[in-house]
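Visitor: Fold the following and give me the result.
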Amino acid sequence: MELLDRAAAAEYASWFKALADPSRVQLVELLARTGEPMSVGEIVGVMGLAQSTVSQHLKILAEVRFVLAEPDGNARRYRINTNCISCFPSAADLVMGKPAPAKPGESC
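Guide: Modelled structure (predicted):
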């Protein structure tokens with residue numbers, strides 16, 4: 001039996017860690033459902049969290065490329081990275097012993 005290589009395992013672990021907070025899961029859901037870039041203020045308005053909390057969650061999600069920041073004047077707007085989000089179910093399947101069609105980095 002061949003194990004998942006260490007680099008891929010580390011990449012997948014970072015994805016699971018990024019989603020290990022319920023607010024971050026909700027934030028990913030919000031951005032995925034809206035399908036449009038949102039400002040931190042707009043996200044705060046929907047989620048009811050403090051601006052600093054939303055910013056910290058966005059930072060963590062951006063580090064694993066689940067969200068992308070786009071400049072908008074002096075501010076930033078955040079959108080879902082559909083390429084990486086589409087890889088996540090495959091990663092979960094692979095970790096659970098099912099074959100996965102994509103490896104991290106190939107389409108993320």
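Visitor: count of neighbours near P37?
Guide: Applying other Cβ atoms under 10 Å, we find 17 other residues in the vicinity of P37. C-beta: built from backbone N, CA, C; applies to glycine.
Visitor: need the contact list for it.
Guide: E70, D72, R77, Y78, R79 (Cβ atoms under 8 Å, 6 or more residues apart in numbering).
Visitor: and these, which are buried?
Guide: Among the contacts of P37, those buried by neighbour count (16 or more other Cβ atoms under 10 Å) are R77, Y78, R79.
Visitor: Where do the helices of the chain begin and end?
Guide: Per DSSP state H, the chain carries helices over the ranges 6-18, 22-34, 40-47, 51-63, 82-95.
Visitor: possible to save the buried ones among the contacts of P37 as TSV with pLDDT?
Guide: Below are the buried ones among the contacts of P37 laid out as TSV (pLDDT from 0 to 100):
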residue	pLDDT
R77	98
Y78	98
R79	97
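Visitor: Comparing the helices of the chain, which yields the minimum mean pLDDT?
Guide: If you rank the helices of the chain by mean pLDDT, helix 82-95 sits at the bottom with a mean of 76.
Visitor: still on that earlier bit, among the contacts of P37, which pair sits farthest apart?
Guide: Spatially, the most separated pair among those is D72 and R79, at 11.0 Å (Cβ to Cβ).
Visitor: V44 versus S52, what's the distance?
Guide: If you measure S52 against V44 using Cβ to Cβ, to the nearest Å, the figure is 10 Å.
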